[in-house]
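Visitor: this one's sequence-less:
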């Protein structure tokens, strides 16, 4: 959904053979069908990123069907709001397992394949402006995204000798189905938009275009960076 679907569509338009990994088969199928209807290429696979065995199996299927892995976009994420004083161990584990552990093992397994191929590759992690500026009620989420930014830098350093670039995109407020619970109230949405210098909420394709830049040779000399796409929110 949302940012993931937009990234899949944008990369398919650029000629990528897209493999959509989603825990929800219906969402994956719907996005793949849209891409195919436009005349581009897409496959879909059911995968839970917090289950390493599931990721391993999905990537094996991708390689068997498509032949190789050149780009990985780590987009899966959850962000249930909860005050720090009320945060349970189960909720902490759930968010870190998906947002940070999942991203690492997806990157590790994809990078192993890239190393075997010997032709380099690009990994793009979807972080958040909350990695730099906490908004409250999201200590678990903020920790996961702050960790993802540092993980991006660490992997960039280790994988550079293999010509694998690792970067991140840090979205601001983006209108997605997942954010509807927080931004669904028109008053809250208007208040948030007023804090953004560009005076609008972002849309998923704003992030997809940044991902496309980092995924392609247009950013061939960029690694270990986090590209903030927030309409100026952090400087506003």
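Guide: Yes, it's here. All values reported here derive from a predicted model rather than from experimental measurement.
Visitor: switch to C-alpha atoms for all contacts and neighbour counts from now on
Guide: Fine.
Visitor: Pretty sure residue 168 sits in a strand.
Guide: Yes. With DSSP: H, G, I helix; E, B strand; the rest coil as the criterion, residue 168 is part of a strand.
Visitor: Beta-bridge partners for it, please?
Guide: Listed beta-bridge partners, residue 168: residue 125, residue 226 (assigned using DSSP bridges).
Visitor: who's in contact with the helix or strand hosting residue 207?
Guide: In this assignment (DSSP states H and E), residue 207 forms part of helix 204-215. Residues from elsewhere that reach helix 204-215 (Cα atoms under 8 Å, 6 or more residues apart in numbering): 2-3, 6-7, 10-11, 71, 73, 122-124, 167, 169, 171, 174-176, 219, 222, 227, 229.
Visitor: from the residues you listed, which would you call buried?
Guide: Buried members of the contacts of helix 204-215, scored by 16 or more other Cα atoms under 10 Å, are 2-3, 6-7, 10-11, 71, 73, 122-124, 167, 169, 171, 174-176, 227, 229.
Visitor: ok so, going back, the contacts of helix 204-215 in strands, which ones?
Guide: Secondary structure assignment by DSSP state E places 71, 73, 122, 123, 124, 167, 169, 171, 227, 229 of the contacts of helix 204-215 in strands.
Visitor: I'd like those residues written out as CSV, with pLDDT and distance to residue 112 added.
Guide: As requested, those are exported to CSV (pLDDT from 0 to 100; distance: Cα to Cα, whole Å):
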residue, pLDDT, distance to residue 112
71, 98, 12
73, 98, 15
122, 98, 12
123, 98, 12
124, 98, 16
167, 98, 17
169, 98, 22
171, 97, 28
227, 98, 25
229, 98, 29
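Visitor: residue closest to the middle of this protein?
Guide: In the chain, the C-alpha nearest the mean C-alpha coordinate belongs to residue 75, at 2.1 Å (Cα atoms, centre = their mean).
Visitor: so what's that one closest to, chain neighbours aside?
Guide: The spatially closest residue to residue 75, leaving aside those adjacent along the chain, is residue 126, at 5.2 Å (Cα to Cα, 6 or more residues apart in numbering).
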